[in-house]
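# One predicted model, sequence on top.
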Amino acid sequence: MDFRLTHTDIASNARAGVITTDHGEIATPVFMPVGTAGTVKAVHIRDVEEDVKARIILGNTYHLYLRPGLDVLQGAGGLHKFNGWTKPILTDSGGYQVYSLAHRRKMKEEGVVFQSHIDGSRHLFTPERVMDIQRVIGADIMMAFDECTPYPCDYDYTQKSMELTHRWLDRCVTRFSETEGLYGYRQALFPIVQGSIYRDLRIQSAEKIASIGADGNAIGGLAVGEPIETMYEFTEMVCNILPKDKPRYLMGVGTPANILEGISQGVDMFDCVMPTRNGRNGMIFTRNGIINLKNEKWKADFSELDPEGTSFVDSAYTRAYLRHLFVAGEMLGPMIASQHNLAFYLWLVDEARRQIEAGTFASWKQAMVTKLAQRL
């Protein structure tokens, strides 16, 4: 994997670049739709590519390992062949699932013993096993195995967790370097910065991750309940430590405003379930703010979902029609809303890139953040 910076913003840390993988180029900044179980929920894979215009999607190691399972994925020739997606894929290592399944797992030096949320069966994830699983899945970008600490989290636990994550990282790097991809193309490994909201630990972790010399680096353990301003503060601090010539990935973030702030701090890659999850519940994002389609006020609103400029889905879909679909319980409603939101997110990062290239990002971002947070 290669990364080339093309533009930097003189008034902020925002930058534009290009990541090159064997499955294609990824212009940054980029938003990555989340396809946890090998599919972006409620959106056809063709539409993710052609209408949403996604350049890379995510899969999840934990979920894909449990279902459909490694035998099926390897038999298919990897996730690309299994789901028909021909562009790059990134896989989360399962560290976040370890965090979220606290009542079903046991941490130890070797790895994590956990119970499947599907059938209660017991499994062991070690750093080596997680690397092997991601080789089978065939992601272009693999994530190192880590523990995502909760918020709030006391200092002693955070320090021990971070140190364990670093020891696991060393094992991931060793396993990654002594194995090869299974399907004839290159894979990259991203380590993950942890340390919760303790400055000294975040700095220590960022310096450790920077020293690895990986193809790219991720920032984890944020957007887990801490104040937004704290997330911004620590994102900027870590970005100032991570190498400038490698892509930076802020995991699990976030709202449209969060993404613009992250870009201004030097982040290149984002993912979040929000556009599809909120879309399935009747919330859509527009260039003028947020709409809850279940509200009565949209019942006879025959304007497009986002009438300012080009609509993100077929202009035949009005607010009134989409509200009707939700009220009637028609599955088409969540499908259209999810596709719209994803296309909006991709438009947002693409427009951010254009503003960076034009040298107008900082002023544009300031105006957009205010508009995007409005409830219409």
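Right, received. Where do you want to start?

# going forward, measure contacts and count neighbours with C-alpha atoms only.
Will do.

# since we're on residue 324, how many residues are nearby?
Residue 324 is flanked by 18 other residues according to other CA atoms under 10 Å.

# show me what contacts residue 8?
14, 15, 16, 356, 357 (CA atoms under 8 Å, 6 or more residues apart in numbering).

# Kindly present the residues you listed as CSV, with separate columns for secondary structure.
Listed next are the contacts of residue 8 as CSV, based on DSSP: H, G, I helix; E, B strand; the rest coil:
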residue, secondary structure
14, coil
15, strand
16, strand
356, helix
357, helix
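
# Low-confidence ranges, the stretch 201-350 of the chain, go.
309-311 (pLDDT under 70).

# Of the contacts of residue 8, grab the buried ones for ChimeraX.
The buried residues among those can be selected in ChimeraX (16 or more other CA atoms under 10 Å) with this line:
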select :14,15,16,356,357
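
# show me where the stretch 251-376 of the chain has strands.
All strands of the stretch 251-376 of the chain, identified by DSSP state E, counting those that start in this stretch, fall at 269-271, 283-286, 289-292.

# Tell me which residues are up against stretch 23-30.
Taking CA under 8 Å, 6+ apart as the rule, stretch 23-30 contacts 15-20, 55-56, 86-88, 140, 263, 267-270, 346, 349-350, 352-353.

# ok, and for that stretch, which residues are buried?
23, 25, 26, 27, 28, 29, 30.

# Show me the two of these that sit farthest apart.
Taking CA to CA, the two most distant members of those are 23 and 29; they sit 17.8 Å apart.

# Roughly how far does the residue most central in space within the chain sit from residue 67?
Nearest to the geometric centre of the chain sits residue 271, at 2.0 Å (CA atoms, centre = their mean). From residue 271 across to residue 67, the span is 22 Å (CA to CA, to the nearest Å).

# One more: residue 8?
The value you get for residue 8 to residue 67, if CA to CA is used, is 42 Å.

# on that earlier part again, mark which of the contacts of stretch 23-30 are buried, thanks.
Buried among those (16+ other CA under 10 Å): 15-19, 55-56, 87-88, 140, 263, 267-270, 346, 349-350, 352-353.

# which ones among those are found in helices?
263, 346, 349, 350, 352, 353 (DSSP state H).

# Any stretches of the stretch 1-150 of the chain with poor pLDDT?
98-99.

# Let me see the contact set for residue 38.
58, 59, 60, 64, 79, 83.

# quick one: which of the residues you listed is nearest residue 328?
Of all the contacts of residue 38, residue 83 has the smallest distance to residue 328: 30.6 Å, by CA to CA.

# surely the closest one meets residue 35?
No: here residue 83 lies out of contact with residue 35, judged by CA atoms under 8 Å, at a distance of 10.3 Å.

# Between these two, tell me which one has more neighbours.
residue 35 (19 against 13).

# Just to be sure, residue 31 is in a strand?
Yes: applying three-state DSSP, one finds residue 31 inside a strand.

# Identify the bridge partners of the closest residue to it other than its chain neighbours.
Counting by CA to CA, 6 or more residues apart in numbering, residue 31 lies nearest to residue 270, which is 4.8 Å off, once chain neighbours are set aside. Beta-bridge pairing for residue 270 (DSSP bridges): residue 31, residue 250.

# Might you report the residue contacts of residue 270?
So residue 270 contacts 30, 31, 32, 249, 250, 251, 252, 253, 254, 259 (CA under 8 Å, 6+ apart).

# what about the first one, distance to residue 188?
Spelled out, that is residue 30. Taken as CA to CA, the span from residue 30 to residue 188 is 17 Å.

# Also the last one?
As defined by CA to CA, residue 259 lies at a distance of 24 Å from residue 188.

# How about the third one?
Using CA to CA, one gets 16 Å for the distance from residue 32 to residue 188.

# before we move on, what about the fifth one?
Residue 250 is 17 Å from residue 188, where distance means CA to CA.

# for residue 126, phi and psi?
Residue 126 adopts backbone torsions of phi -110, psi 160, taken as degrees, to the nearest 10.

# dump the residue contacts of the residue nearest to it when sequence neighbours are not counted.
With CA to CA, 6+ apart as the criterion, residue 126 has its nearest non-adjacent residue at 4.2 Å, and that residue is residue 111. By CA under 8 Å, 6+ apart, the contact list for residue 111 reads 124, 125, 126, 127.

# neighbours around the third one, how many?
Read it as residue 126. 20.

# Could you tell me which residues make contact with it?
Here residue 126 is in contact with 110, 111, 112, 145 (criterion: CA under 8 Å, 6+ apart).

# and what of the first one?
Contacts here follow CA under 8 Å, 6+ apart; on that basis residue 124 touches 111, 112, 113, 114.

# Kindly indicate whether the third one is helix, strand or coil.
Of the three states, residue 113 takes strand according to three-state DSSP.

# For it, which non-adjacent residue is spatially closest?
Closest to residue 113 by CA to CA, 6+ apart is residue 124, at 4.5 Å.
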